[in-house]
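Undergrad: Give me a 3D structure for the following:
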Amino acid sequence: MQQRQLEAPRCGKCGDKTKTSEVCVKKVDGRYKCTCKESKQQPSCVGQTTSKGLTCAGYQACARVTFTGGGPVPCTSPYACRDSTIKGTATVRCTNNKACTGSKVSGSAVVYCDHDASCMAVTFSGKSTARCNIAGACSGSIFKDTASAFCNASGACKGSTFKDSVKATCYLKGACNNALFKDNVVAKCSQKGTCNGSKFSGKACCSGAGCPGGAAKC
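TA: Okay, here's the model as predicted:
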């Protein structure tokens with residue numbers, strides 16, 4: 001089924017105090033805003049394709065949306081942008097529990113993962129960039145192709161898989177514990193304890209004081 005393009009503001013019943021879905025898509029200060037309350041209802045943004053700067057401020061408000069540009073798009077509620085496709089030049093901020101879980105990021109897109117589990121089980125590919133800024137933010141995610149991963153907190157990329165020609169930077173103690181680095185990955189485990197329990201295989205190499213025993217040096 002062809003996805004609808006989100007081109008013009010369209011508003012539903014905003015401010016309605018009933019128990020039905022409260023949905024609004026409108027332009028505010030030059031930006032399109034998509035807000036959905038009464039979380040179990042189907043929001044109007046679900047499944048659409050947009051290059052506009054949205055605000056995704058309700059449960060699943062922008063689930064399965066394809067973001068092709070614009071932003072930064074704030075996904076501020078649990079599951080607000082779950083299972084979305086983030087590609088092209090899009091920039092997205094995931095600021096709540098599982099806000100962007102299950103999403104696929106590609107192209108030159110940039111995703112900021114600013115809450116525990118906000119980017120859990122996300123796939124980063126192409127030349128995309130992941131900035132995992134909180135403990136658990138990108139746990140269990142997959143980084144491939146030539147993506148860049150910045151794991152900036154303890155546990156930020158715990159248990160993740162880095163493969164192909166990814167560049168991974170693990171800054172703090174525990175940032176990349178129990179991760180898998182393989183193929184041609186270049187990893188920086190900047191201090192002791194940043195990559196404990198991690199495994200290196202193929203031509204993957206490591207630099208920094210936190211490289212586990214047996215890892216090839218870059």
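Undergrad: now the residue lying closest to residue 193 once chain neighbours are set aside: how far from residue 143?
TA: Nearest residue to residue 193 in three dimensions, chain neighbours excluded: residue 173, at 3.9 Å (Cβ to Cβ, 6 or more residues apart in numbering). Every residue, glycine included, has its C-beta placed from N, CA and C. When Cβ to Cβ, to the nearest Å is the yardstick, residue 173 and residue 143 sit 20 Å from each other.
Undergrad: which of the two has more neighbours?
TA: Taking neighbours as other Cβ atoms under 10 Å, residue 173 and residue 143 compare with residue 143 leading, 29 against 18.
Undergrad: wouldn't residue 115 be in contact with residue 100 here?
TA: No. With contact defined as Cβ atoms under 8 Å, residue 115 and residue 100 do not form a contacting pair (9.5 Å).
Undergrad: joint contacts of those two?
TA: Common neighbours of residue 115 and residue 100 (criterion: Cβ atoms under 8 Å, 6 or more residues apart in numbering): residue 94.
Undergrad: neighbour count winner among those two?
TA: residue 100 (34 against 23).
Undergrad: can you tell me which residues contact the closest residue to that one other than its chain neighbours?
TA: Excluding its sequence neighbours, the residue lying closest to residue 100 (Cβ to Cβ, 6+ apart) is residue 94, at 3.9 Å. Contacts for residue 94 were tallied using Cβ under 8 Å, 6+ apart; they are 75, 81, 100, 111-115, 118-119, 137.
Undergrad: Tell me which two in those are the farthest apart.
TA: With distance counted by Cβ to Cβ, no two of the contacts of residue 94 lie farther apart than 81 and 137, which are 14.1 Å apart.
Undergrad: So if I had to pick from those two, which one is more boxed in?
TA: Neighbour comparison, residue 81 and residue 137: the larger count goes to residue 81, with 35 against 30 (by other Cβ under 10 Å).
Undergrad: pretty sure the more buried one is in contact with residue 74, am I right?
TA: No. Taking Cβ under 8 Å as the contact criterion, residue 81 and residue 74 are not neighbours in contact, 9.3 Å apart.
Undergrad: Show me the common contact partners of the two, please.
TA: Looking at what touches both residue 81 and residue 74 (by Cβ under 8 Å, 6+ apart), the common residues are residue 56.
Undergrad: Residue 209 is in what secondary structure piece?
TA: Secondary structure here is read from DSSP states H and E; on that basis residue 209 sits in neither a helix nor a strand.
Undergrad: Residue 69 versus residue 96, what's the distance?
TA: Residue 96 is 23 Å from residue 69, by Cβ to Cβ.
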